[in-house]
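A.B. asks: Return a 3D structure for these sequence lines:
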Amino acid sequence: MNAKAKGNRNEHKSIRLLEAAGYACTRAAASLGVFDIVAVGADDVLLIQVKSNRWPASEEMSTIARFAAPANCRKLIHRWRDRASAPDVKEIER
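C.D. replies: Residues are numbered from 1 along each chain as shown. Prediction:
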């Protein structure tokens, strides 16, 4: 499986988890922006970068950390390891 297909599959796995938790999700991966998924909940908004098997490199982490977001918005990284049933989740502080 190529890397793009794997990433696409993992983004959809994250969306299914988020929707099951009550979030309305939009996949923004094709925009080549900072985040792959925008998830809107009743009380908060999640901006999510999805990775396969690795955490983002330091430059990408800096870009995520610097991204201006409103107070009710959380920035998360979902790292999907091969054959894992759930992602490792890391929240990026403001």
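
A.B. asks: If we go by neighbour counts, what in stretch 40-59 is buried?
C.D. replies: The neighbour-count criterion (16 or more other C-beta atoms under 10 Å) identifies 46-52, 56 as the buried residues of stretch 40-59. The way it works is simple: take the backbone N, C-alpha and C, and place the C-beta from them, glycine included.

A.B. asks: Repeat that for stretch 19-33.
C.D. replies: Of all the residues in stretch 19-33, those buried under the rule 16+ other C-beta under 10 Å are 23, 25, 27-29.

A.B. asks: gap between the two ends of it?
C.D. replies: Using C-alpha to C-alpha, to the nearest Å, the span of stretch 19-33 from its first residue to its last is 22 Å.

A.B. asks: now what about it, what contacts it?
C.D. replies: With contact meaning C-beta atoms under 8 Å, 6 or more residues apart in numbering, stretch 19-33 is reached by 7-8, 11-12, 15, 18, 35-42, 46, 50.

A.B. asks: okay if I get the buried residues of stretch 19-33 as TSV plus pLDDT, distance to residue 80 and secondary structure?
C.D. replies: Listed next are the buried residues of stretch 19-33 as TSV, based on pLDDT from 0 to 100; distance: C-beta to C-beta, whole Å; DSSP: H, G, I helix; E, B strand; the rest coil:
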residue	pLDDT	distance to residue 80	secondary structure
23	98	18	coil
25	97	16	strand
27	93	15	strand
28	87	17	coil
29	66	14	helix
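
A.B. asks: re the thing from before, mind putting the buried residues of stretch 40-59 in CSV, distance to residue 88, pLDDT and secondary structure included?
C.D. replies: Below are those laid out as CSV (distance: C-beta to C-beta, whole Å; pLDDT from 0 to 100; DSSP: H, G, I helix; E, B strand; the rest coil):
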residue, distance to residue 88, pLDDT, secondary structure
46, 16, 98, strand
47, 17, 97, strand
48, 13, 97, strand
49, 12, 96, strand
50, 11, 95, strand
51, 9, 95, strand
52, 11, 94, strand
56, 12, 95, coil
